[in-house]
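**Student:** Give me a model of this one.
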Amino acid sequence: MMGHLNYLIEHFGYFGIIIALFGGIVGLPIPDEILLTYVGYSVFTGKMAYLLSLFCAFIGACSGITISFILGVKLGIPFLHKFGPKLHITEARIERTRKLFNKLGPFLLIIGFFIPGVRHITAYLAGINCYSYKKFALFAYLGAAIWCFTFITLGRLLGENWIHVGAYLSRYSIYLILLLLLGFIIIYSYRRKKRILKNRTFNPKID
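**Tutor:** Okay, the predicted model is just below:
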């Protein structure tokens, strides 16, 4: 694995990050978190610049998830069922993600990046459910930014121990997902309460 990642970075540099993440988000079997963490390690060793790496990773992730969204809008659920297995997107994953999407809605576009096998499907479902591009982009691009920042920074902090990221993921990923979900629920509740209070201020009840 390290040999392939090293080859990608050495020969294609920042452009390789964009291409790899684009393919990984669309559904190709690319270990996205491992790639991002290795990019962070490359920042640690001085081979790559931190901000430029973050930017390229963000562009790659956003490009991939936008294409998935467009395919969902244009081709619908039949495309996902027909070509999903060829992109390692199984029927079980589609059904599991659909149930999560029905419960969490657009928030899944954010936290879905942190759930292997889910981030590949959420954008398709957003398109299939006729989300506006503005609504999709707000949540999906925010999720992409948080995801890229998290793993590139993790690789930078871990340094030589970046290779153990798989163990960290399997041990702590569920806690990270729950923390993110809790944070978004708190933010959403706060903004909703603030909006209600604002409406009451501008529209006082007339006795």
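**Student:** Show me where this protein has its helices.
**Tutor:** 2-26, 32-45, 50-83, 91-104, 107-111, 119-128, 133-158, 165-202 (DSSP state H).
**Student:** Any chance of those helices in CSV with mean neighbour count and mean pLDDT as columns?
**Tutor:** (Glycine included, C-beta is placed from N, CA and C.) Shown next, in CSV, are the helices of the chain (neighbours: other C-beta atoms under 10 Å; pLDDT from 0 to 100):
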stretch, mean neighbour count, mean pLDDT
helix 2-26, 17, 79
helix 32-45, 24, 88
helix 50-83, 18, 85
helix 91-104, 15, 71
helix 107-111, 24, 81
helix 119-128, 26, 80
helix 133-158, 19, 89
helix 165-202, 12, 62
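**Student:** Excluding its own residues, what touches stretch 134-153? List them.
**Tutor:** The contact list for stretch 134-153 (C-beta atoms under 8 Å, 6 or more residues apart in numbering) reads 33, 36-37, 39-40, 43, 50, 53-54, 57-58, 61-62, 65-66, 69, 106-107, 109-114, 119, 122-123, 126-127, 165, 176, 180.
**Student:** could you redo the last one with a cut-off of 6 Å?
**Tutor:** 33, 36-37, 39-40, 53-54, 57-58, 61-62, 65, 69, 106, 109-110, 113, 126 (C-beta atoms under 6 Å, 6 or more residues apart in numbering).
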